[in-house]
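Participant: Quick one, structure for this:
(2 chains)
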Amino acid sequence: MRFDYYTQYRQGFALFKSPVERNLYALLFFFLIALPGLITPFALGEMAYVFILCIASLGLMTLTGFTGQVSLGHAAFVAIGAYGHAWFMSKGLPLPLSLILAAGVSASAGLLVGIPAIRVSGLYLAMVTMAFSIIVEQIIGHWNSVTGGFTGLAVSDPTIFGIALGGPKAFYYFCLMALIAVLLVLLNVLRSGVGRALIGVRESEAASYALGIPVEKMKVTAFALSAGITGLAGGLLAHHLKYLTPDGSGVGRALIGVRESEAASYALGIPVEKMKVTAFALSAGITGLAGGLLAHHLKYLTPDGFTLILSLELVLMVVIGGLGSLRGAVLGAVLISLLPSAISRIKPFLPEGLAKQFGLETFIFGLVLAFFVLFEPMGLNGRWIKLRTLLESFPIYRQDTFKRNKRYMKSERYR
Amino acid sequence: MTEFLQTIAQLTINGIAVGAIYALVALGIVLIYKATEVLNFAHGDLLVVAAFSAWSLITLWHLPFWLALLCVVLGVALFSYLLDAFIIRRIAGQPQFSGVMLTIALAFMIRGAVSMIFGPESRNYPTPWTNQSTHLFGLSIANLQLVILGTSMAVTLVLYLFFKMTRVGVAMQASSQNQLAAYLNGVPVKRINSLVWALGGVTAAFAGVLLAPITLVDISLWFVTLKALSALVLGGFGSIPGAIVGGLLIGLIEQYVGVYMPDGTKDIVAYLVLIAVLIVRPHGLLGEAHGRRV
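Facilitator: Residues are numbered from 1 along each chain as shown, chains lettered A, B, ... in the order given. Next up is the predicted model:
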């Protein structure tokens, strides 16, 4: 086992763990700012796409990583965001408003799925979201008047306050800003409040409750929604929610509590159902935002772009990145979105028969995922933490620090 | 009026025939799920493997159909056994989600490998029943669909007897109830689990070989997993009779909806049923209702 040692209470909440870390992130930031001068416009477009996928992956991480609710259908929210944005744009709304509305529509769809999600968990939830995503895909395909059906829908070029964002460079900066805004919101949501003791209570399974929806829940949900929509800094959110739950347990900690143990969270006064729905709406909103941006990247929308495969790729990102960490979501998204072009780079070196076949990409995706599930369940983020611990405690590092405990097979069938 | 009844009867027959396939696939998934707690998202890809190997045996090697069927069933059973013995077993004791992710990963790999070997085009192979149909009381049904129905019933019956009568079957039941207790009573749980995977593989092989001539031998065969999941949820997740009932019901619902509801509804009705059942009656028609352990 490895523990974080804090000498001050505030350290648990710090945005950056150390000045070194802060400086490194600043360095990364300036590098990304300077990047357009260094690479080709095509690569810049790809980078913008990577950022969009990062946002979508962060959206899913909010749900899966922080409340443990698995969604195999997040492509639906990307699709709703993308189509919503394209539709609002075609009605002549300005870009920021349209993007916000699209994320809002997406978040409402998230609520639509999230409220029944209180009744089901685990595998069942995964199946519900998957079914939802297939249904959404079909609806988009058949709703010709709004979505253009299977033939598709063209997206107008983005402009903001009269400045064209159509060029790769401008769009790159726009996506970068959106990503940073979403990251800041999520970071602040997650470090809000207390209740750190919740983490570590893992070994109990909770009874399912079917509660009515209290007014409070609606308030929080509405707020989470607006957070997903606007992508503004989340400090305000923390304050607001603190007011709603006077025991002082903030959203972020509460979300993690719900993941670790529903029973313990109940006992500590965390409104579990409310938190689950909040996470769903927040996650769907952020994912919808990514969808809106994606609409501009693709420039032409068809239902084929938002199939189960996209949902699975998003899940791949959060699992490979490492569940429960924002850094992981970003790392996973970067890896998965760059994988196809990496594969096409190595293709010339492969034997002809192998390189020409079109299943190669699918196979490598599967291989990477299987490798991570079997050998590195903590994902890229876990690898990163191990590396950092090795450097920090250099001569006394032991491999057993991160050894997984052996456990008996424990049934999750009756959850 | 008689015409209406005629339509209904024809739809019912078609529905049962389609439902039999869903039931067979659902049966394989539920077997593996009950025994090893892994929800096998790669089950549809076992069907793909079965279909493509049947195609190569029949069209490339010119084997007779029955011999090819036997080879495919044994081959897929062995493949599933090894899959469990070498890969799936390693994640025992980890959260259920790991199992889902691992089988999804395997599904990707199998799909990728199959399309690398065989290429993207769909193909077909002859069976002893191709292009034959039976007419009865003015209703017609393809013989192949009758065979599928018969196979599903036979497989179910054999499995039922197997679980009731044989030592291995009883051991499988025991280990699906409580792995630790079964292990302490001398049941070799690991091997039993792999054998269950092999059994699941057998059902997948039958389903794949018989379904492929109807839908074409194609990668998209794996989509039947999703329909089977709806069937499982409708029948009650984790219940073997439920899998059969659910499969047949989903088949029937799809047929009726395809005729009496607007265009496009047929494709999504199975998923609508899945969502509705999980919200209204999460333990399905025949599933056991469990309280939650805290």
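
Participant: List the contacts of A:Gly332.
Facilitator: With contacts defined as Cβ atoms under 8 Å, 6 or more residues apart in numbering or on different chains, A:Gly332 is in contact with A:Ser57, A:Leu316, A:Met317, A:Val318, A:Val319, A:Ile320, A:Gly321, A:Gly322, A:Gly379, A:Leu380. Quick note: C-beta positions are derived from backbone N, CA and C, even for glycine.

Participant: For the residues you listed, give me CSV that also has distance to B:Gln6 and pLDDT.
Facilitator: Formatted as CSV, the contacts of A:Gly332 follow (distance: Cβ to Cβ, whole Å; pLDDT from 0 to 100):
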residue, distance to B:Gln6, pLDDT
A:Ser57, 54, 84
A:Leu316, 50, 85
A:Met317, 53, 86
A:Val318, 53, 84
A:Val319, 52, 85
A:Ile320, 55, 86
A:Gly321, 57, 84
A:Gly322, 60, 81
A:Gly379, 58, 81
A:Leu380, 61, 84
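
Participant: Just the buried ones from these, in ChimeraX syntax?
Facilitator: Selecting only the buried entries of the contacts of A:Gly332 in ChimeraX, with 16 or more other Cβ atoms under 10 Å in any protein chain shown as the criterion:
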select /A:57,316,317,318,319,320,321,322,379,380
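
Participant: I'd like the list of the contacts of A:Gly332 that fall within helices, please.
Facilitator: Applying DSSP state H to the contacts of A:Gly332, the entries found in helices are A:Ser57, A:Leu316, A:Met317, A:Val318, A:Val319, A:Ile320, A:Gly321, A:Gly379, A:Leu380.

Participant: Report pLDDT for residue 217.
Facilitator: Here I'm looking at chain A. On the pLDDT scale, A:Lys217 is placed at 38.

Participant: that's the wrong chain, I meant chain B
Facilitator: 81.

Participant: for B:Val100, same thing?
Facilitator: Reported pLDDT for B:Val100: 86.

Participant: again, but for B:Val25
Facilitator: Looking at B:Val25, its pLDDT reads 92.

Participant: returning to that earlier point: can you tell me which of the ones in helices among the contacts of A:Gly332 is nearest chain B?
Facilitator: Of all those, A:Val319 has the smallest distance to chain B: 5.5 Å, by Cβ to the nearest Cβ.

Participant: Look up which helix or strand the closest residue in space to the closest one that isn't next to it in sequence falls in, please.
Facilitator: What sits nearest to A:Val319 in space, not counting adjacent residues and going by Cβ to Cβ, 6 or more residues apart in numbering or on different chains, is B:Met101, at 5.5 Å. Assigned by DSSP states H and E, B:Met101 belongs to helix B:96-118.

Participant: Then B:His135?
Facilitator: B:His135 belongs to strand B:133-136 when elements are defined using DSSP H and E.

Participant: Neighbours of the residue nearest to A:Val319, how many?
Facilitator: 26 (other Cβ atoms under 10 Å in any protein chain shown).

Participant: ok now do it, which residues does it touch?
Facilitator: So B:Met101 contacts A:Val315, A:Val319, A:Leu369, A:Val373 (Cβ under 8 Å, 6+ apart).

Participant: Tell me the most packed of those, by neighbour count.
Facilitator: Neighbour max across the contacts of B:Met101 (other Cβ under 10 Å) = A:Val319, 28 neighbours.

Participant: which residues touch A:Ile309?
Facilitator: A:Ala75.

Participant: Mind checking what helix or strand follows the helix or strand hosting it in sequence?
Facilitator: Per DSSP H and E: A:Ile309 is located in helix A:308-321. Going down the chain from helix A:308-321, the next helix or strand is helix A:326-346, by DSSP H and E.

Participant: for A:Trp143, phi and psi?
Facilitator: Main-chain torsions, A:Trp143, degrees, to the nearest 10: phi -90, psi 70.

Participant: And the pLDDT for it?
Facilitator: Confidence for A:Trp143, expressed as pLDDT, is 79.

Participant: again with the one 4 residues further on
Facilitator: Per-residue confidence for A:Thr147 comes out at a pLDDT of 71.

Participant: out of everything not next to it in sequence, what's closest to it?
Facilitator: A:Thr147 sits nearest to A:Ile140 (Cβ to Cβ, 6+ apart), 4.8 Å away.

Participant: How about the contacts made by B:Leu234?
Facilitator: With Cβ under 8 Å, 6+ apart, B:Leu234 has these contacts: B:Gly242, B:Val245, B:Gly246, B:Leu249, B:Ile250, B:Val273, B:Leu274, B:Val277, B:Gly284, B:Leu285.

Participant: Would you tell me what helix or strand it is located in?
Facilitator: helix B:224-235.

Participant: per-residue confidence averaged over that helix?
Facilitator: 89.

Participant: how much does that helix deviate in direction from helix A:308-321?
Facilitator: 90 degrees (axes from the mean of the first three to the mean of the last three Cα atoms, to 10 degrees).

Participant: and the direction of the next helix or strand after helix B:224-235 versus that of helix B:224-235, what angle?
Facilitator: Sequence order places helix B:240-260 as the next helix or strand after helix B:224-235, per DSSP H and E. With the same axes, to 10 degrees defining the directions, helix B:240-260 sits at 110 degrees from helix B:224-235.

Participant: Helix B:240-260 - contacts with which helices or strands?
Facilitator: On a contact count with 3 or more Cβ pairs under 8 Å, 6 or more residues apart in numbering or on different chains; DSSP states H and E, helix B:240-260 meets helix B:2-36, helix B:143-165, helix B:224-235, helix B:265-280.

Participant: rerun that using 6 Å as the cut-off
Facilitator: helix B:2-36, helix B:224-235, helix B:265-280 (3 or more Cβ pairs under 6 Å, 6 or more residues apart in numbering or on different chains; DSSP states H and E).

Participant: how close does A:Asp304 get to B:Phe79?
Facilitator: 31 Å (Cβ to Cβ, to the nearest Å).

Participant: Between those two, tell me which one has more neighbours.
Facilitator: More crowded of A:Asp304 and B:Phe79, by other Cβ under 10 Å: B:Phe79, with 19 against 12.

Participant: Please report phi then psi for the more buried one.
Facilitator: With angles defined as degrees, to the nearest 10, B:Phe79 sits at phi -60, psi -50.

Participant: now it, nearest residue through space, not along the chain?
Facilitator: In space, B:Phe79 is closest to B:Gly201, 6.3 Å off (Cβ to Cβ, 6+ apart).

Participant: tell me the contacts of that neighbour?
Facilitator: By Cβ atoms under 6 Å, 6 or more residues apart in numbering or on different chains, B:Gly201 lies in contact with B:Leu46, B:Val76, B:Ala77, B:Ser80.

Participant: where in the stretch 1-150 of chain B is pLDDT low?
Facilitator: Per-residue confidence for the stretch 1-150 of chain B (pLDDT under 70) gives these ranges: B:1.

Participant: Name the residues of it found near chain A, please.
Facilitator: Proximity of the stretch 1-150 of chain B to chain A (Cβ under 6 Å from any Cβ of the partner chain) is limited to residues B:39, B:90, B:92-93, B:96-98, B:101-102, B:105, B:108-109, B:111-113, B:115-116.

Participant: Thank you kindly, that will do.
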